[in-house]
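*Asks:* Test case, fold it:
(one chain, ligands or ions: 2)
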Amino acid sequence: MDKTQKAILIDLIHPKMLKRHAMERMVELEELVNTYGGIVIVKAWQKRFAPHPKTYIGTGKVTLVGEEAKQLGAKLLIVNAQLKPRQVYDLSERLRPYGVQVWDRVDLILKIFAKHAKTTEAKLEIELASVRHMGPRIFGMGMELSRQGGGIGTVGIGETNIERMKRHLREKERKIKEKLEGYQNGRDLARRHRSRQGFKTVSIVGYTNAGKTTLLNALTGRKEYAADELFATLDTRVGQLFLPGINFVRSDTIDRPRTALVSDTIGFIKDLPPELLNAFSSTLSEAVDADLLIHVVDGSDPNWLKQMKVVDEILERLGVASTPRIVVFNKNDQTSSEARVSIDKTHEEHPPLWISATKHQGLDDLIAQIENSLSIRLFS
Ligand SMILES: Nc1nc2c(ncn2[C@@H]2O[C@H](COP(=O)(O)OP(=O)(O)OP(=O)(O)O)[C@@H](O)[C@H]2O)c(=O)[nH]1
Ligand SMILES: [Mg+2]
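*Replies:* Ligands and ions are numbered 1, 2, ... in the order given. Below is the predicted model of the structure:
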(Lines give C-alpha, C1' and ligand atoms only; values in the text may rest on other atoms or scores of the structure.)
(Ligands and ions follow the chains in the order given, each with its own letter.)
Protein backbone atom coordinates (compact mmCIF):
# COMPACT_ATOMS: atom_id res chain seq x y z
CA MET A 1 0.00 0.00 0.00
CA ASP A 2 1.21 3.49 -0.80
CA LYS A 3 1.86 5.19 2.49
CA THR A 4 2.61 8.61 1.07
CA GLN A 5 0.18 11.45 1.21
CA LYS A 6 0.03 14.18 -1.40
CA ALA A 7 0.04 17.73 -0.11
CA ILE A 8 -0.21 21.28 -1.34
CA LEU A 9 1.82 23.91 0.53
CA ILE A 10 0.77 27.50 0.73
CA ASP A 11 2.61 30.47 2.13
CA LEU A 12 1.41 34.06 2.18
CA ILE A 13 4.18 36.58 2.17
CA HIS A 14 4.36 40.28 2.75
CA PRO A 15 4.21 42.25 -0.52
CA LYS A 16 7.51 43.92 0.27
CA MET A 17 9.46 40.81 1.24
CA LEU A 18 12.62 40.18 -0.79
CA LYS A 19 12.40 37.31 -3.23
CA ARG A 20 15.36 35.58 -1.62
CA HIS A 21 13.73 35.66 1.83
CA ALA A 22 10.48 34.39 0.37
CA MET A 23 12.32 31.47 -1.19
CA GLU A 24 14.06 30.66 2.08
CA ARG A 25 10.70 30.51 3.83
CA MET A 26 9.49 27.94 1.36
CA VAL A 27 12.68 25.91 1.64
CA GLU A 28 12.27 25.77 5.42
CA LEU A 29 8.65 24.69 5.12
CA GLU A 30 9.68 21.96 2.69
CA GLU A 31 12.38 20.83 5.12
CA LEU A 32 9.79 20.58 7.87
CA VAL A 33 7.52 18.53 5.61
CA ASN A 34 10.41 16.26 4.64
CA THR A 35 11.41 15.86 8.27
CA TYR A 36 7.91 14.65 9.02
CA GLY A 37 8.17 12.21 6.14
CA GLY A 38 5.58 10.31 4.12
CA ILE A 39 4.36 13.41 2.33
CA VAL A 40 4.86 14.21 -1.35
CA ILE A 41 4.60 17.90 -2.14
CA VAL A 42 2.61 18.21 -5.34
CA LYS A 43 2.46 21.96 -5.36
CA ALA A 44 4.08 24.77 -3.39
CA TRP A 45 2.31 28.08 -3.71
CA GLN A 46 3.57 31.39 -2.52
CA LYS A 47 1.43 34.49 -2.73
CA ARG A 48 2.04 38.12 -1.88
CA PHE A 49 -1.19 38.68 -0.09
CA ALA A 50 -2.56 40.01 3.18
CA PRO A 51 -4.11 37.18 5.24
CA HIS A 52 -7.88 36.95 4.97
CA PRO A 53 -9.51 37.24 8.41
CA LYS A 54 -11.91 34.35 7.77
CA THR A 55 -10.10 31.82 5.64
CA TYR A 56 -6.52 33.13 5.75
CA ILE A 57 -5.87 32.53 2.05
CA GLY A 58 -8.84 34.42 0.59
CA THR A 59 -12.19 32.89 -0.26
CA GLY A 60 -11.61 32.79 -4.04
CA LYS A 61 -8.28 31.11 -3.56
CA VAL A 62 -9.86 28.39 -1.43
CA THR A 63 -11.94 27.17 -4.36
CA LEU A 64 -8.88 27.26 -6.57
CA VAL A 65 -6.92 25.22 -4.04
CA GLY A 66 -9.78 22.72 -3.77
CA GLU A 67 -9.97 22.21 -7.51
CA GLU A 68 -6.23 21.99 -7.89
CA ALA A 69 -6.09 19.46 -5.05
CA LYS A 70 -8.74 17.35 -6.74
CA GLN A 71 -6.81 17.38 -9.98
CA LEU A 72 -3.49 16.51 -8.33
CA GLY A 73 -4.97 13.98 -5.93
CA ALA A 74 -3.86 15.97 -2.85
CA LYS A 75 -5.70 15.36 0.40
CA LEU A 76 -3.77 17.81 2.53
CA LEU A 77 -3.21 21.56 2.57
CA ILE A 78 -0.34 22.80 4.73
CA VAL A 79 -0.40 26.51 5.52
CA ASN A 80 2.88 28.11 6.57
CA ALA A 81 1.45 30.15 9.45
CA GLN A 82 -0.19 29.78 12.79
CA LEU A 83 -3.86 30.11 11.88
CA LYS A 84 -6.54 31.46 14.15
CA PRO A 85 -8.97 28.74 15.32
CA ARG A 86 -11.73 30.42 13.34
CA GLN A 87 -9.61 30.36 10.16
CA VAL A 88 -8.84 26.66 10.53
CA TYR A 89 -12.52 25.96 10.98
CA ASP A 90 -13.64 28.01 7.98
CA LEU A 91 -10.89 26.78 5.71
CA SER A 92 -11.50 23.14 6.66
CA GLU A 93 -15.24 23.48 6.11
CA ARG A 94 -14.73 24.97 2.65
CA LEU A 95 -12.21 22.32 1.65
CA ARG A 96 -14.18 19.41 3.07
CA PRO A 97 -16.14 18.88 -0.20
CA TYR A 98 -12.80 18.31 -1.92
CA GLY A 99 -11.69 15.83 0.73
CA VAL A 100 -8.83 18.09 1.77
CA GLN A 101 -7.59 18.35 5.36
CA VAL A 102 -5.90 21.51 6.65
CA TRP A 103 -2.75 21.69 8.81
CA ASP A 104 -1.16 24.90 9.92
CA ARG A 105 2.51 25.31 10.85
CA VAL A 106 1.89 24.38 14.47
CA ASP A 107 0.08 21.17 13.47
CA LEU A 108 3.07 20.23 11.34
CA ILE A 109 5.60 20.95 14.09
CA LEU A 110 3.50 19.05 16.64
CA LYS A 111 3.27 16.06 14.32
CA ILE A 112 7.04 16.03 13.85
CA PHE A 113 7.49 16.26 17.60
CA ALA A 114 5.05 13.44 18.18
CA LYS A 115 6.90 11.26 15.69
CA HIS A 116 10.32 11.99 17.19
CA ALA A 117 9.52 11.86 20.89
CA LYS A 118 11.15 8.92 22.59
CA THR A 119 10.94 9.49 26.32
CA THR A 120 7.71 9.54 28.27
CA GLU A 121 8.47 13.07 29.37
CA ALA A 122 8.81 14.36 25.81
CA LYS A 123 5.64 12.54 24.84
CA LEU A 124 3.76 14.14 27.71
CA GLU A 125 5.07 17.56 26.78
CA ILE A 126 3.82 17.11 23.24
CA GLU A 127 0.46 15.92 24.45
CA LEU A 128 0.19 19.03 26.60
CA ALA A 129 1.09 21.27 23.66
CA SER A 130 -1.51 19.49 21.49
CA VAL A 131 -4.25 19.89 24.07
CA ARG A 132 -3.42 23.58 24.38
CA HIS A 133 -3.39 23.94 20.62
CA MET A 134 -6.70 22.15 20.13
CA GLY A 135 -8.58 23.90 22.94
CA PRO A 136 -9.22 27.24 21.24
CA ARG A 137 -10.13 25.45 18.01
CA ILE A 138 -12.85 23.49 19.69
CA PHE A 139 -14.00 26.65 21.36
CA GLY A 140 -14.07 28.39 17.95
CA MET A 141 -16.05 25.50 16.55
CA GLY A 142 -18.55 25.88 19.37
CA MET A 143 -19.09 29.52 18.57
CA GLU A 144 -19.79 28.53 15.01
CA LEU A 145 -22.17 25.71 15.93
CA SER A 146 -24.18 27.81 18.32
CA ARG A 147 -24.43 30.59 15.76
CA GLN A 148 -25.59 28.21 13.06
CA GLY A 149 -28.08 26.59 15.37
CA GLY A 150 -29.35 29.92 16.69
CA GLY A 151 -32.24 30.30 14.28
CA ILE A 152 -33.69 26.86 14.80
CA GLY A 153 -33.51 26.58 18.53
CA THR A 154 -30.61 24.13 18.93
CA VAL A 155 -28.25 26.49 20.72
CA GLY A 156 -28.37 24.43 23.89
CA ILE A 157 -27.25 21.19 22.25
CA GLY A 158 -24.20 22.73 20.58
CA GLU A 159 -23.18 24.49 23.73
CA THR A 160 -23.57 21.47 25.96
CA ASN A 161 -21.33 19.39 23.75
CA ILE A 162 -18.74 22.11 23.56
CA GLU A 163 -18.86 22.59 27.31
CA ARG A 164 -18.34 18.86 27.77
CA MET A 165 -15.40 18.83 25.36
CA LYS A 166 -13.85 21.83 27.04
CA ARG A 167 -14.19 20.22 30.44
CA HIS A 168 -12.64 17.03 29.08
CA LEU A 169 -9.68 18.96 27.68
CA ARG A 170 -9.20 20.92 30.90
CA GLU A 171 -9.18 17.66 32.87
CA LYS A 172 -6.73 16.09 30.42
CA GLU A 173 -4.44 19.11 30.65
CA ARG A 174 -4.50 18.95 34.44
CA LYS A 175 -3.55 15.27 34.47
CA ILE A 176 -0.67 15.71 32.03
CA LYS A 177 0.63 18.67 34.01
CA GLU A 178 0.50 16.63 37.19
CA LYS A 179 2.58 13.86 35.61
CA LEU A 180 5.05 16.37 34.20
CA GLU A 181 5.48 17.94 37.60
CA GLY A 182 6.76 14.58 38.80
CA TYR A 183 9.51 14.71 36.19
CA GLN A 184 10.23 18.31 37.03
CA ASN A 185 10.67 17.47 40.70
CA GLY A 186 13.05 14.65 39.75
CA ARG A 187 15.08 17.07 37.68
CA ASP A 188 15.17 19.67 40.43
CA LEU A 189 16.44 17.09 42.87
CA ALA A 190 19.13 15.87 40.48
CA ARG A 191 20.19 19.43 39.83
CA ARG A 192 20.44 20.32 43.51
CA HIS A 193 22.48 17.17 44.05
CA ARG A 194 24.88 18.09 41.24
CA SER A 195 25.29 21.62 42.44
CA ARG A 196 26.03 20.37 46.00
CA GLN A 197 28.78 18.30 44.46
CA GLY A 198 30.29 21.39 42.90
CA PHE A 199 29.42 20.62 39.29
CA LYS A 200 28.88 23.51 36.93
CA THR A 201 26.32 23.18 34.17
CA VAL A 202 26.65 24.22 30.57
CA SER A 203 23.70 24.10 28.21
CA ILE A 204 23.95 23.97 24.44
CA VAL A 205 21.21 25.93 22.71
CA GLY A 206 20.58 27.02 19.13
CA TYR A 207 18.42 26.85 16.07
CA THR A 208 17.30 23.42 14.98
CA ASN A 209 19.88 21.55 12.87
CA ALA A 210 22.73 23.88 13.93
CA GLY A 211 24.77 20.95 15.24
CA LYS A 212 24.00 21.02 18.98
CA THR A 213 23.86 17.25 19.46
CA THR A 214 26.97 16.74 17.33
CA LEU A 215 28.76 19.24 19.57
CA LEU A 216 27.51 17.53 22.74
CA ASN A 217 28.83 14.24 21.40
CA ALA A 218 32.15 15.80 20.39
CA LEU A 219 32.64 17.44 23.79
CA THR A 220 31.54 14.60 25.99
CA GLY A 221 32.10 11.45 23.97
CA ARG A 222 28.40 10.64 24.06
CA LYS A 223 26.73 9.03 21.09
CA GLU A 224 23.37 10.75 20.88
CA TYR A 225 21.33 10.76 17.70
CA ALA A 226 22.32 13.64 15.41
CA ALA A 227 20.84 13.92 11.94
CA ASP A 228 20.30 16.26 9.06
CA GLU A 229 16.70 16.85 9.95
CA LEU A 230 14.80 19.41 11.94
CA PHE A 231 14.03 18.51 15.56
CA ALA A 232 16.16 15.38 15.76
CA THR A 233 16.42 16.04 19.50
CA LEU A 234 13.40 16.52 21.73
CA ASP A 235 14.79 15.60 25.12
CA THR A 236 17.51 16.98 27.26
CA ARG A 237 20.66 14.83 27.35
CA VAL A 238 23.48 15.43 29.76
CA GLY A 239 27.12 14.47 29.31
CA GLN A 240 30.31 15.18 31.24
CA LEU A 241 33.06 17.47 30.03
CA PHE A 242 36.47 17.33 31.66
CA LEU A 243 37.99 20.77 32.09
CA PRO A 244 41.73 20.35 32.71
CA GLY A 245 42.56 24.00 33.21
CA ILE A 246 39.97 24.93 35.74
CA ASN A 247 39.70 24.90 39.45
CA PHE A 248 36.17 25.85 40.26
CA VAL A 249 35.36 23.07 42.66
CA ARG A 250 34.85 24.10 46.25
CA SER A 251 37.58 23.27 48.73
CA ASP A 252 35.51 20.53 50.37
CA THR A 253 35.06 18.84 47.02
CA ILE A 254 38.57 19.44 45.71
CA ASP A 255 39.18 15.79 44.98
CA ARG A 256 36.29 15.65 42.58
CA PRO A 257 37.06 15.62 38.86
CA ARG A 258 37.05 19.00 37.24
CA THR A 259 33.99 18.32 35.31
CA ALA A 260 31.17 20.39 33.89
CA LEU A 261 27.86 18.83 32.95
CA VAL A 262 26.88 19.68 29.41
CA SER A 263 23.31 19.36 28.25
CA ASP A 264 21.77 19.54 24.81
CA THR A 265 18.13 20.18 24.17
CA ILE A 266 15.36 20.77 21.67
CA GLY A 267 16.23 23.14 18.84
CA PHE A 268 14.51 26.43 18.34
CA ILE A 269 12.73 27.55 15.21
CA LYS A 270 11.07 30.75 14.08
CA ASP A 271 7.39 31.18 14.88
CA LEU A 272 7.65 28.62 17.65
CA PRO A 273 4.28 29.10 19.29
CA PRO A 274 4.41 30.07 22.98
CA GLU A 275 2.19 27.14 24.00
CA LEU A 276 4.81 24.80 22.58
CA LEU A 277 7.61 26.49 24.44
CA ASN A 278 5.61 26.45 27.66
CA ALA A 279 4.81 22.78 27.27
CA PHE A 280 8.51 22.05 26.95
CA SER A 281 9.40 23.91 30.13
CA SER A 282 10.32 20.69 31.91
CA THR A 283 12.84 19.68 29.22
CA LEU A 284 14.09 23.24 28.85
CA SER A 285 14.66 23.73 32.55
CA GLU A 286 18.25 22.44 32.17
CA ALA A 287 18.94 25.37 29.88
CA VAL A 288 17.11 27.75 32.14
CA ASP A 289 19.22 26.86 35.16
CA ALA A 290 22.59 26.52 33.43
CA ASP A 291 25.67 28.45 34.62
CA LEU A 292 26.66 29.00 31.01
CA LEU A 293 24.97 28.79 27.62
CA ILE A 294 26.71 27.80 24.41
CA HIS A 295 24.75 29.22 21.51
CA VAL A 296 25.58 27.15 18.42
CA VAL A 297 25.00 28.91 15.11
CA ASP A 298 25.20 27.16 11.74
CA GLY A 299 27.72 29.47 10.03
CA SER A 300 27.17 27.76 6.70
CA ASP A 301 23.49 28.70 6.62
CA PRO A 302 22.86 31.98 4.80
CA ASN A 303 20.13 32.63 7.36
CA TRP A 304 22.48 32.53 10.33
CA LEU A 305 21.68 36.07 11.49
CA LYS A 306 17.92 35.56 11.44
CA GLN A 307 18.30 32.25 13.21
CA MET A 308 20.51 33.84 15.86
CA LYS A 309 17.87 36.49 16.48
CA VAL A 310 15.16 33.86 16.84
CA VAL A 311 17.27 32.02 19.41
CA ASP A 312 18.01 35.26 21.30
CA GLU A 313 14.32 36.06 21.39
CA ILE A 314 13.40 32.63 22.70
CA LEU A 315 16.13 32.76 25.34
CA GLU A 316 14.66 36.03 26.45
CA ARG A 317 11.21 34.47 26.64
CA LEU A 318 12.72 31.72 28.79
CA GLY A 319 14.12 34.37 31.12
CA VAL A 320 17.79 33.50 30.59
CA ALA A 321 18.87 36.54 28.60
CA SER A 322 21.39 37.41 31.29
CA THR A 323 23.04 33.97 31.66
CA PRO A 324 26.69 34.16 30.46
CA ARG A 325 26.83 32.99 26.87
CA ILE A 326 29.43 31.85 24.35
CA VAL A 327 28.45 32.10 20.70
CA VAL A 328 30.08 29.54 18.41
CA PHE A 329 29.83 29.35 14.66
CA ASN A 330 29.66 25.73 13.65
CA LYS A 331 30.11 23.87 10.34
CA ASN A 332 33.33 25.73 9.65
CA ASP A 333 34.24 22.95 7.21
CA GLN A 334 31.34 23.72 4.91
CA THR A 335 31.30 27.50 5.18
CA SER A 336 32.71 29.41 2.21
CA SER A 337 35.55 31.77 2.99
CA GLU A 338 33.45 34.72 1.78
CA ALA A 339 30.66 33.83 4.18
CA ARG A 340 33.17 33.47 6.99
CA VAL A 341 34.76 36.84 6.28
CA SER A 342 31.38 38.52 6.24
CA ILE A 343 30.38 36.93 9.55
CA ASP A 344 33.74 37.89 11.08
CA LYS A 345 33.19 41.47 9.91
CA THR A 346 29.96 41.73 11.85
CA HIS A 347 31.83 40.71 15.02
CA GLU A 348 34.89 42.93 14.79
CA GLU A 349 35.19 43.59 18.52
CA HIS A 350 35.12 39.94 19.54
CA PRO A 351 36.04 37.75 16.60
CA PRO A 352 33.66 34.81 16.74
CA LEU A 353 34.72 31.31 17.58
CA TRP A 354 34.61 28.95 14.61
CA ILE A 355 34.33 25.22 15.09
CA SER A 356 33.46 22.09 13.23
CA ALA A 357 31.68 19.69 15.53
CA THR A 358 31.91 16.84 13.03
CA LYS A 359 35.61 17.35 12.34
CA HIS A 360 36.46 18.24 15.94
CA GLN A 361 38.02 21.55 14.89
CA GLY A 362 38.25 24.50 17.26
CA LEU A 363 37.10 22.48 20.26
CA ASP A 364 40.19 23.27 22.34
CA ASP A 365 39.52 26.98 21.97
CA LEU A 366 35.91 26.42 22.88
CA ILE A 367 36.87 24.42 25.98
CA ALA A 368 39.31 27.17 26.99
CA GLN A 369 36.49 29.73 26.68
CA ILE A 370 34.18 27.53 28.72
CA GLU A 371 36.83 27.26 31.45
CA ASN A 372 37.40 30.96 31.31
CA SER A 373 33.78 31.82 31.62
CA LEU A 374 33.09 29.40 34.46
CA SER A 375 36.13 30.46 36.50
CA ILE A 376 35.49 34.15 36.03
CA ARG A 377 32.01 33.60 37.32
CA LEU A 378 33.32 31.76 40.31
CA PHE A 379 35.97 34.21 41.36
CA SER A 380 34.30 37.50 40.48
N1 LIG B 1 29.60 19.75 7.70
C2 LIG B 1 29.23 19.76 8.98
N3 LIG B 1 28.08 19.22 9.35
C4 LIG B 1 27.74 19.25 10.66
C5 LIG B 1 28.59 19.83 11.66
N6 LIG B 1 27.99 19.71 12.85
C7 LIG B 1 26.83 19.08 12.63
N8 LIG B 1 26.67 18.81 11.32
C9 LIG B 1 25.55 18.09 10.67
O10 LIG B 1 24.37 18.87 10.81
C11 LIG B 1 23.24 18.02 10.97
C12 LIG B 1 22.49 18.39 12.24
O13 LIG B 1 23.28 18.09 13.36
P14 LIG B 1 22.65 17.85 14.80
O15 LIG B 1 23.79 17.74 15.75
O16 LIG B 1 21.63 16.79 14.77
O17 LIG B 1 21.92 19.25 14.99
P18 LIG B 1 20.98 19.73 16.20
O19 LIG B 1 21.26 21.19 16.39
O20 LIG B 1 21.17 18.84 17.38
O21 LIG B 1 19.57 19.53 15.52
P22 LIG B 1 18.11 19.23 16.18
O23 LIG B 1 18.27 18.33 17.36
O24 LIG B 1 17.40 18.57 15.04
O25 LIG B 1 17.54 20.56 16.52
C26 LIG B 1 23.78 16.59 11.00
O27 LIG B 1 23.64 16.05 9.72
C28 LIG B 1 25.23 16.78 11.38
O29 LIG B 1 26.07 15.75 10.87
C30 LIG B 1 29.83 20.38 11.21
O31 LIG B 1 30.64 20.88 11.97
N32 LIG B 1 30.10 20.32 9.88
MG1 LIG C 1 19.85 17.65 18.29
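*Asks:* gap between the residue in the stretch 251-380 of the chain positioned nearest to ligand 1 and Glu24?
*Replies:* Distances between the stretch 251-380 of the chain and ligand 1 by CB to the nearest ligand atom are smallest at Gly267, namely 2.5 Å. (Glycine included, C-beta is placed from N, CA and C.) From Gly267 across to Glu24, the span is 17 Å (CB to CB, to the nearest Å).
*Asks:* Contact residues of this protein facing ligand 2?
*Replies:* For the chain, the residues in contact with ligand 2 (CB under 5 Å from the ion) are 212-213, 232-233.
*Asks:* Would you mind listing where the chain has pLDDT under the threshold?
*Replies:* Along the chain, the model assigns pLDDT under 70 to residues 1-2, 139-159, 246-257, 376-380.
*Asks:* Burial check on Ala279, number of neighbours?
*Replies:* 27 (other CB atoms under 10 Å).
*Asks:* for Val296, same thing?
*Replies:* Neighbourhood size, Val296 [other CB under 10 Å]: 28.
*Asks:* In three-state terms, label it for me.
*Replies:* strand (DSSP: H, G, I helix; E, B strand; the rest coil).
*Asks:* What helices and strands are in contact with the helix or strand where Arg167 lies?
*Replies:* Using DSSP states H and E, Arg167 falls within helix 155-196. Here helix 155-196 is seen to pack against helix 120-149, strand 200-206, helix 281-288 when contacts are counted using 3 or more CB pairs under 8 Å, 6 or more residues apart in numbering; DSSP states H and E.
*Asks:* Most tightly packed of the ones you listed?
*Replies:* Among the helices and strands packed on helix 155-196, strand 200-206 has the highest mean neighbour count (mean count of other CB atoms under 10 Å), at a mean of 26.
*Asks:* Partner strands of that strand, with direction?
*Replies:* The pairing partners recorded for strand 200-206 under DSSP bridges are strand 259-264 (parallel), strand 292-298 (parallel).
*Asks:* Now find how far off-centre the very next helix or strand once past the last one is within its chain.
*Replies:* The one in question is strand 292-298. Next helix or strand after strand 292-298 toward the C-terminus (DSSP H and E): helix 304-317. Taking CA atoms, centre = their mean, to the nearest Å, one finds helix 304-317 lying 12 Å from the centre of the chain it belongs to.
*Asks:* tell me the angle helix 304-317 makes with strand 292-298.
*Replies:* Using axes from the mean of the first three to the mean of the last three CA atoms, to 10 degrees, the inter-axis angle of helix 304-317 relative to strand 292-298 is 150 degrees.
*Asks:* What residues sit buried inside helix 304-317?
*Replies:* By neighbour count on 16 or more other CB atoms under 10 Å, the buried set for helix 304-317 is 304, 307-308, 310-311, 314-315.
*Asks:* Just put the residues you listed in TSV and tack on distance to ligand 1.
*Replies:* As requested, the buried residues of helix 304-317 are exported to TSV (distance: CB to the nearest ligand atom, whole Å):
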residue	distance to ligand 1
Trp304	13
Gln307	11
Met308	13
Val310	13
Val311	11
Ile314	13
Leu315	15
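*Asks:* what about Gly31, neighbour count?
*Replies:* Wrong residue type there; residue 31 is Glu, not Gly. 15.
*Asks:* for Glu163, same thing?
*Replies:* The number of residues packed near Glu163 is 11, by other CB under 10 Å.
*Asks:* My read is that Ile370 contacts Leu243, right?
*Replies:* Yes. Assessed by CB atoms under 8 Å, Ile370 is found in contact with Leu243 at 6.7 Å.
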